[in-house]
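Trainee: What follows is a predicted structure for the sequence shown.
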2 protein chains.
Amino acid sequence: MADLPVSPLAPDHFPDLSEIRGLRLGVAEAGVRYSGRTDVMLATLVPGTTIAGAFTTSATRAAPVLDCEGKIGHDSPDGAAILVNAGNANAFTGIAGTRAVDSLTKATAKALSLPATRVFTASTGVIGEPLPSERVAAVLSDLAHQDAANWESAARAIMTTDTFPKGAGATVSTPDGQIHIAGIAKGSGMIAPDMATMLVYIFTDAAMSRAELQSLVDRFTPVTFNAITVDSDTSTSDTLLVAATGTGPKATAEGPFATALHDVMRALAHQVVRDGEGATKFVEVDVTGAAHAADAKRVAMAIANSPLVKTAIAGEDPNWGRIVMAVGKSGARADRDRLSIRIGPHVIAENGQLAETYTEADGARYMKLPEIKIGVDLGLGDGAFTAWTCDLTHAYIDINADYRS
Amino acid sequence: MADLPVSPLAPDHFPDLSEIRGLRLGVAEAGVRYSGRTDVMLATLVPGTTIAGAFTTSATRAAPVLDCEGKIGHDSPDGAAILVNAGNANAFTGIAGTRAVDSLTKATAKALSLPATRVFTASTGVIGEPLPSERVAAVLSDLAHQDAANWESAARAIMTTDTFPKGAGATVSTPDGQIHIAGIAKGSGMIAPDMATMLVYIFTDAAMSRAELQSLVDRFTPVTFNAITVDSDTSTSDTLLVAATGTGPKATAEGPFATALHDVMRALAHQVVRDGEGATKFVEVDVTGAAHAADAKRVAMAIANSPLVKTAIAGEDPNWGRIVMAVGKSGARADRDRLSIRIGPHVIAENGQLAETYTEADGARYMKLPEIKIGVDLGLGDGAFTAWTCDLTHAYIDINADYRS
């Protein structure tokens, strides 16, 4: 696709991420769909690495996702590898798709002397076209011997419609020394199945059992990656893998490592929203006072997914009536007369009507900011949830209406 | 709002609708929000009229909706009235909103010598601003004595962001003579709570009990008005009322009257989609072969609401991978390898992959048509559902991002 301008919400620069002992990164140009850029990444992990993951719940998930799901829940003493290509999602490709995954995992396993059950693949890009797996296979021996790639080049190799490479990391001090965490992601939303599915790879040198690592992934995914939306469309290929090489200090599921992992996951999730297709505003939706947590999420996602709320934000319009509408349609328990609504520091509505202190001038001034916070209190209970999204602009239509034609 | 160009999907002309004996229509300029146009409609109905209805399920529904819901389920020997204003939705207006409804229903009841329980009101327009009910009250005595309004002027008086007035009718021959049905609607989607909630009023001279009439409304609403979507946003004010004056032949809940009422409801629902904000394509989504009917609806609405499917249609791109994505995210039971997808006469995908007979040239040519049919067969059971929607274009962003600012 034609080069898109970098999102105005992009960070200033790619972060400086730690090296993770026990991990080698390689990138290559396989020409799967793009030319003149890298499009394959290989991460090779030492024996003793534990791997946890989370995947799209789509009923039409891609062949590599189905393969990874079958492999993720098992302990193994062997090393491991993660192979990712951009440009073709190998989704809805029938038996040929399954064969392509088999052939690539076997070829990777052979090149790295690993069992095929320890090779995790992902493909992102156009749906429904056969994956030219021979092009990926052709660069495997080069990749297997590489150790040159840095975090930014790895992040760039998995981009599709992304306008910037995404990375985040943390360092945790423990009595036994430092634990390092570094992660990369791609995605211009949870969206755009033919060009921008979300993939996330986080690595740490922590020593942690697979079960404990998985428990952290299960705990933080709902409040990070599953709390963002660009346009409510769920991809066929979303994949998150977290690999702990065990080359550093031991970590536990409670304490500073968990907090740091949560921070890294949230930072990557935010970067995906900041690169949401056409985004010009980063939006946090905080819902409190719901009858229970599920209702809070329902309300937060109804607001974050509403085309009318998102176009109002694009237009810098404090159109709180649309927030009321989204609360109403969410299906959550709500009492119009207990509802209060804030944007940033401004209370707009309370007790079922416009707040007396609110002025349109205050609202209009606030909406000009690049980062917007919407607060909704339902006044019913303790349920709370925070979601992140972006606005809906002409550029979203440009990217998605004009791309293939 | 600035005058919008008439939708390219608008019918050539407003239909020629029958007069309904026992019904008087009046319109007036009350200046609720707009100037230089009518913005209030009053329908007055003779004693013996039965009324059935359906309303938005929003948890933040507007004061007039709450009032109508309380009144709809009762038989009454009295006449009735329906009073509608455009420009202000009287939604999220607290106790002042309830008082405005009370005051208007009482004033209308007095002007027409009716009990207030037989006055049904609706308001459509901006949310959260107090309704200037005195402006509506000021035109009531004029309205109460009018009998001049025709169907088109009534349809125009309730428009907000609509670009054309919406009407549909039918005549049913019975052994006892002809039954006439005429209906009007407003709405530029199920959407746009500050300017375009959906209101529908259908009148007939049929003689039918309230319970029977309600049973027909309950039967046909799910497959007409609840089967359309412009952007997945549910208004605070959606209201459908069907009134049978009983001045004509008796009708039954089975047979030709029911079929004709269904036709009128579907025709009005289609006109709302044809006036969907920014629409350039009218889209039918036919889902068959689902495990059950609820799953069929889930899949149809996931496709019809998907921003990625809708932008692809706007771009005349036969991007069937996005249809696969929408099936996958719907939550319905689906088996990738039994799924088949058609656009118009072209089978695009079957058995979990691209159909051998399909060519992109065929798909691209079909997508240039103004009316698009998407067919999805899940290959699992007998569940079927048809939904109607429109494409998602730059004009939607224009209308909704730029309106209030």
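Mentor: Arrived safely, thanks for sending.
Trainee: Where does pLDDT dip in the stretch 201-350 of chain A?
Mentor: Counting by pLDDT under 70, the stretch 201-350 of chain A shows low-confidence ranges at A:230-235.
Trainee: Kindly report the residues of it close to chain B.
Mentor: By CB under 8 Å from any CB of the partner chain, the residues of the stretch 201-350 of chain A that approach chain B are A:231-236, A:305-308, A:311-312, A:314-317, A:319-322, A:324-337, A:339, A:349. Every residue, glycine included, has its C-beta placed from N, CA and C.
Trainee: Buried subset of these, written for ChimeraX?
Mentor: The buried residues among those can be selected in ChimeraX (16 or more other CB atoms under 10 Å in any protein chain shown) with this line:
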select /A:231,232,233,234,235,236,305,306,307,308,311,312,314,315,316,317,319,320,321,322,324,325,326,327,328,329,330,332,333,334,336,339,349
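Trainee: Of the residues of the stretch 201-350 of chain A next to chain B, which belong to strands?
Mentor: Among those, the ones falling in strands (DSSP state E) are residue A:349.
Trainee: what about stretch A:137-152, distance to the chain center?
Mentor: 24 Å (CA atoms, centre = their mean, to the nearest Å).
Trainee: Would you indicate which residues of it are buried?
Mentor: For stretch A:137-152, a neighbour-count test (16+ other CB under 10 Å) marks A:137, A:139, A:140, A:142, A:143, A:144, A:146, A:149, A:151, A:152 as buried.
Trainee: Check which helix or strand the closest residue to the third one other than its chain neighbours maps to.
Mentor: Distance criterion CB to CB, 6 or more residues apart in numbering or on different chains; nearest residue to residue A:140, sequence neighbours excluded, is residue A:111 at 4.9 Å. Secondary structure assignment for residue A:111, by DSSP states H and E: helix A:94-112.
Trainee: Can you give me the buried ones in that helix?
Mentor: Buried-residue list, helix A:94-112, by 16+ other CB under 10 Å: A:94, A:97, A:98, A:100, A:101, A:104, A:105, A:107, A:108, A:109, A:111, A:112.
Trainee: got it, and stretch A:164-182?
Mentor: Under 16+ other CB under 10 Å, the buried positions of stretch A:164-182 are A:164-170, A:172, A:174, A:179-182.
Trainee: same deal with stretch A:391-401?
Mentor: Of the residues in stretch A:391-401, A:391, A:392, A:393, A:394, A:395, A:396, A:397, A:398, A:399, A:400, A:401 count as buried by neighbour count, 16+ other CB under 10 Å.
Trainee: ok, and of those residues, which contact chain B?
Mentor: A:392, A:393, A:394, A:396, A:397, A:400, A:401.
Trainee: Just give me the closest of those residues to residue A:27.
Mentor: Set against residue A:27, the nearest of these by CB to CB is residue A:400 (27.8 Å).
Trainee: my guess is that closest one contacts residue B:311, does it?
Mentor: Yes - with contacts counted by CB atoms under 8 Å, residue A:400 reaches residue B:311, the gap being 3.7 Å.
Trainee: Which neighbouring elements make contact with the helix or strand where residue A:154 lies?
Mentor: Assessed by DSSP H and E, residue A:154 sits inside helix A:151-157. Judged by 3 or more CB pairs under 8 Å, 6 or more residues apart in numbering or on different chains; DSSP states H and E, the packing partners of helix A:151-157 are strand A:23-28, strand A:40-45, strand A:166-174, strand A:177-186.
Trainee: The second one pairs with which strands, and in what direction?
Mentor: Strand A:40-45 sits in its sheet next to strand A:23-28 (antiparallel), strand A:80-88 (antiparallel), going by DSSP bridges.
Trainee: do the longest one as well
Mentor: The pairing partners recorded for strand A:177-186 under DSSP bridges are strand A:166-174 (antiparallel), strand A:199-204 (antiparallel).
Trainee: weakest of these by average pLDDT?
Mentor: Here the strands paired with strand A:177-186 differ in mean pLDDT, and the lowest is strand A:199-204 at a mean of 81.
Trainee: Just the CA trace of that strand, in PDB.
Mentor: Extracted as PDB, the C-alpha positions of strand A:199-204 are listed here (Å, rounded to 0.1, in the frame of the first residue of the first chain):
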ATOM      1  CA  LEU A 199       0.700  -9.300  16.700                       C
ATOM      2  CA  VAL A 200       2.600  -8.900  20.000                       C
ATOM      3  CA  TYR A 201       5.900 -10.600  21.100                       C
ATOM      4  CA  ILE A 202       7.300  -9.900  24.600                       C
ATOM      5  CA  PHE A 203      10.500 -11.400  25.800                       C
ATOM      6  CA  THR A 204      12.100 -11.500  29.200                       C
END
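Trainee: quick one, phi psi at the residue of chain A most remote from its centre?
Mentor: Within chain A, residue A:356 marks the point farthest from the mean C-alpha position, 40.1 Å out by CA atoms, centre = their mean. Dihedral angles phi and psi of residue A:356 (degrees, to the nearest 10) take the values phi -70, psi -30.
Trainee: Residue A:136: which element?
Mentor: Using DSSP H and E, residue A:136 falls in helix A:133-138.
Trainee: Please name every helix or strand in contact with that helix.
Mentor: Applying 3+ CB pairs under 8 Å, 6+ apart, one finds that helix A:133-138 makes contact with helix A:94-112.
Trainee: What strands line up against the helix or strand following the helix it packs on, and which way round?
Mentor: Note on helix A:94-112: by DSSP H and E, the next helix or strand toward the C-terminus is strand A:119-126. Note on strand A:119-126: by DSSP bridges, its sheet partners are strand A:80-88 (parallel).
Trainee: chain center to the partner strand, what's the gap?
Mentor: 16 Å.
Trainee: If I take it and helix A:94-112, what angle do their directions form?
Mentor: Angle, strand A:80-88 to helix A:94-112, by axes from the mean of the first three to the mean of the last three CA atoms, to 10 degrees: 140 degrees.
Trainee: before we move on, the earlier item: Serialize the buried residues of helix A:94-112 to TSV and add fields for distance to residue A:81 and pLDDT.
Mentor: Output for those, formatted as TSV (distance: CB to CB, whole Å; pLDDT from 0 to 100):
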residue	distance to residue A:81	pLDDT
A:94	25	84
A:97	20	92
A:98	19	94
A:100	16	96
A:101	14	96
A:104	11	97
A:105	9	97
A:107	11	97
A:108	5	97
A:109	8	97
A:111	9	95
A:112	6	95
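Trainee: Which one of those is nearest to chain B?
Mentor: Of all the buried residues of helix A:94-112, residue A:94 has the smallest distance to chain B: 3.3 Å, by CB to the nearest CB.
Trainee: was I right about the closest one contacting residue B:338?
Mentor: No - using CB under 8 Å as the test, residue A:94 is too far from residue B:338 to be in contact (11.5 Å).
Trainee: Could you pull up phi and psi at residue A:283?
Mentor: Torsion angles, degrees, to the nearest 10, at residue A:283: phi -120, psi 130.
Trainee: Also residue A:296?
Mentor: Torsion angles, degrees, to the nearest 10, at residue A:296: phi -60, psi -40.
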